[in-house]
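J.: Below is the sequence, then the predicted model.
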2 protein chains.
Amino acid sequence: MDTPQEEREFLDAYDPREFDPIAVTVDVVVLTLREGRLHVLAVRRGGPPYAGEWALPGGFVRAGRESLDEAAARELAEETGLEAASLDRVHLEQLGSYGRPDRDPRMHVVSVAYVAFAPGLPDARPGGDAAGARWLPLEAIAAAEQPATAVGRPFERGRRPGTYGGGTGRRPLSADAPEGFAFDHDAILADALERARAKIEYTPLATAFLPETFTISELRAVYETVWGAPLHAGNFHRKVLSVPGFVESTGETDSRPGSKGGPRARLYRAGDARLLHPALLRPDREAGVR
Amino acid sequence: MDTPQEEREFLDAYDPREFDPIAVTVDVVVLTLREGRLHVLAVRRGGPPYAGEWALPGGFVRAGRESLDEAAARELAEETGLEAASLDRVHLEQLGSYGRPDRDPRMHVVSVAYVAFAPGLPDARPGGDAAGARWLPLEAIAAAEQPATAVGRPFERGRRPGTYGGGTGRRPLSADAPEGFAFDHDAILADALERARAKIEYTPLATAFLPETFTISELRAVYETVWGAPLHAGNFHRKVLSVPGFVESTGETDSRPGSKGGPRARLYRAGDARLLHPALLRPDREAGVR
DNA sequence: TGAATAGTGTCTTTGAGACAGTATCGA
DNA sequence: TCGATACTGTCTCAAAGACACTATTCA
């Protein structure tokens, strides 16, 4: 049925003018916990535009040779310098795409953003071409600053001073990047943080920030850090153990941490649940939720 | 800091070989309710590939001239033939991007998919270039078929017989498209349905499927249709009214529906909440949730 | 009059959170 | 011995769901 629409579409596919000028990249927001703080992997830009500024690691999708997921995994491996063996404990998921025509001054670039939740990774890891890669600590999340994002999130946001939660505040996402990130990477990072906060509510992915075995207290520290709010230790403990498939006991106890006293905590590993039911909801979402 | 990585990135942006062969499109999954069933807007393909098969409406992003959101809104307007005035009641959000190199046999095409929730729209609406557009009824969702998708959803899925929920079943998504949709549009549609099912849990977006004013029963019918499960009328009624900001009363009552008896239902409109708290959770998620 | 629906009342169960209490460790 | 932590017990309150009931309309 040679409708005009389909004819046009077919021709467009071979008309260089239509699609030539759009480049496709993947950018990866790699989040990890180090010393009780959230960190993001950042690279310092060597050339223009935004020379000298921090940016998210990323690169062009290899046309005809890899999928978006594969491109993201490749970038993640290159920038972290990790072997595939270590990477399979990293959770990687697509976040969203950003395609405002002016987001890169050189040309129209559509970036498919990914988020990764990683356990503590080696410090300097300039593997591959990521000579300038570093872990930037993110500012502590003020509990009151929780955004109403990720609901109507759908809409792309432009470049603006990056602050936690995508709000209108002025505090930079990282003190090490006071000017914010290059391109619209502040907005991508803010969306990634909101994704992380939401995702650990109803999935067991908080365990992706931890080594293979962990204590309930360490798991609680993940939640407290990502949510930026203290949790009740006793209630959290019981809650985690009551959700089917969240964690399973290893039968062992912690063999001496750098602790400040107290009994040896039991060790757990991630269970087989992919969804938490019932979920662990963030405290007091009522306020500021509309 | 002229790192090799940044130099390469800079050069790549001007090296046609790297990005030339990738085209960027938007595809829109427009969902609506007609006569108590979910429908999706589909266009019949006129030319190869997949000539004669149904596909999602979509088209190329106009390089340098529009953002992804704008492209999706433009496609939505073109294919539905609606004015901007009618479109502002339609909810449009980004779903995700699909970029397997073989998803289009012609070349590497990255598609940014969007989902739209629309109230009942005029029947035939071949506006613009969408001569072959039609509303296809989707099969009723078996309650037991609820997937564990959208959690580890991140990963792109390939072309396969499209079934509700993205499971491994064999029932086509629509009896009107027994062969499934063209390209990987079955997978996109399945992801869109799961997004819709999840989104009405914690947002008031079920109202986007209804006219400006509606009764609680009509709202319940949206949930029952999208979730594919019957809900308890009385409990649903009380629940909706108890969630702050979900709906607000118009003070009026329904002026005669094609009803089967019973008192005149009160009319409501959407409230100002953007998140439902507490949420309306789908019944019995325990089963099959892992 | 009967059937279907709108809307409300009530009871049970589950789960979240506040709080207290005991046991175990390091310093 | 002190302080911090791990873990458990108990109570209260909110909310979900089951069920029953009344009132209102159409056929």
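T.: It's in. Numbering: from 1, shown residues only, chains lettered A, B, ... in the order given.
J.: How many neighbouring residues does the nearest residue to A:Ala175 once chain neighbours are set aside have?
T.: Leaving aside its chain neighbours, A:Ala175 sits nearest to A:Glu139 (6.2 Å; criterion: C-beta to C-beta, 6 or more residues apart in numbering or on different chains). Where C-beta positions appear, they are placed from N, C-alpha and C, glycine not excepted. Residues within reach of A:Glu139, counting by other C-beta atoms under 10 Å in any protein chain shown, total 17.
J.: distance of A:Glu139 from B:Leu138?
T.: 45 Å (C-beta to C-beta, to the nearest Å).
J.: With A:Glu79 instead?
T.: Taken as C-beta to C-beta, the span from A:Glu79 to B:Leu138 is 41 Å.
J.: Give the residue from the two that has the larger number of neighbours.
T.: Taking neighbours as other C-beta under 10 Å, A:Glu79 and B:Leu138 compare with A:Glu79 leading, 25 against 22.
J.: State whether the more buried one is indeed within a strand.
T.: No - assigned with DSSP: H, G, I helix; E, B strand; the rest coil, A:Glu79 falls outside any strand and is helix.
J.: Pull up the gap between it and chain B, please.
T.: For A:Glu79, the distance to chain B (C-beta to the nearest C-beta, to the nearest Å) stands at 9 Å.
J.: Ok, A:Leu173 next?
T.: With distances taken as C-beta to the nearest C-beta, A:Leu173 is found 21 Å from chain B.
J.: Also A:Arg89?
T.: In terms of C-beta to the nearest C-beta, A:Arg89 sits 14 Å off from chain B.
J.: Next: A:Val243.
T.: 11 Å.
J.: can you pull out the strands in the stretch 1-150 of chain A?
T.: Along the stretch 1-150 of chain A, counting by DSSP state E, counting those that start in this stretch, strands occupy A:22-34, A:37-44, A:54-55, A:58-60, A:91-98, A:108-118, A:133-137.
J.: Verify the contact between the residue nearest to A:Ala175 and A:Ala177 for me.
T.: No - at 10.2 Å, A:Glu139 does not count as touching A:Ala177 under the criterion of C-beta atoms under 8 Å.
J.: for stretch A:214-222, which positions count as buried?
T.: A:Phe214, A:Thr215, A:Ile216, A:Glu218, A:Leu219, A:Arg220, A:Ala221, A:Val222 (16 or more other C-beta atoms under 10 Å in any protein chain shown).
J.: quick one: it near DNA strand D?
T.: Yes - using C-beta under 7 Å from any atom of the strand, stretch A:214-222 reaches DNA strand D at A:Thr215, A:Ile216, A:Ser217.
J.: Residue of chain A nearest DNA strand C, please.
T.: Nearest residue of chain A to DNA strand C: A:Gly261, at 3.0 Å (C-beta to the nearest atom of the strand).
J.: Is that residue in a helix, a strand, or coil?
T.: coil.
J.: Does A:Ser217 lie in a helix or a strand, and which?
T.: helix A:216-227 (DSSP states H and E).
J.: A:Pro278 against A:Val243, yeah?
T.: Yes - between A:Pro278 and A:Val243 there is a contact under C-beta under 8 Å: 6.9 Å.
J.: Compare the two (neighbour count), which wins?
T.: Shown here are A:Pro278 and A:Val243; by other C-beta under 10 Å, A:Val243 has more neighbours (17 against 13).
J.: Show the contacting residues for the more buried one.
T.: Neighbour list for A:Val243: A:Ala273, A:Leu276, A:His277, A:Pro278, A:Leu280 [criterion: C-beta atoms under 8 Å, 6 or more residues apart in numbering or on different chains].
J.: looking at those residues, which has the most residues close by?
T.: A:Leu276 (24 neighbours).
J.: would you list the strands of the stretch 1-150 of chain A in CSV and tack on distance to B:Ala182?
T.: Listed next are the strands of the stretch 1-150 of chain A as CSV, based on distance: least, C-beta to C-beta, whole Å:
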stretch, distance to B:Ala182
strand A:22-34, 21
strand A:37-44, 38
strand A:54-55, 37
strand A:58-60, 27
strand A:91-98, 21
strand A:108-118, 22
strand A:133-137, 41
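J.: just the ones you listed: most buried one?
T.: strand A:108-118 (a mean of 25; mean count of other C-beta atoms under 10 Å in any protein chain shown).
J.: could you give me the average pLDDT of that one?
T.: Averaging pLDDT along strand A:108-118 gives 97.
J.: That one pairs with which strands, and in what direction?
T.: strand A:22-34 (parallel), strand A:91-98 (antiparallel) (DSSP bridges).
J.: roughly how far is that strand from the heart of the chain?
T.: 9 Å (C-alpha atoms, centre = their mean, to the nearest Å).
J.: and if you look at stretch A:83-92?
T.: Here stretch A:83-92 shows a centroid-to-chain-centroid distance of 14 Å under the convention C-alpha atoms, centre = their mean.
J.: That stretch spans what distance, first to last residue?
T.: Stretch A:83-92 has an end-to-end distance of 15 Å (C-alpha to C-alpha, to the nearest Å).
J.: same check, this time on stretch A:251-271
T.: Rule used - C-alpha to C-alpha; the end-to-end distance of stretch A:251-271 is 14 Å.
J.: ok, now stretch A:98-110?
T.: End-to-end distance for stretch A:98-110: 6 Å, by C-alpha to C-alpha.
J.: ditto for stretch A:40-60
T.: End-to-end distance (C-alpha to C-alpha), stretch A:40-60: 20 Å.
J.: near chain B at all, it?
T.: Yes - against chain B, stretch A:40-60 shows contacts by C-beta under 8 Å from any C-beta of the partner chain at A:Val43, A:Arg44, A:Arg45, A:Gly46, A:Gly47, A:Pro48, A:Ala51, A:Gly52, A:Gly59, A:Phe60.
J.: Closest one to B:Ala116 out of those, please.
T.: Checking the residues of stretch A:40-60 next to chain B against B:Ala116 with C-beta to C-beta, the nearest one is A:Phe60 at 30.2 Å.
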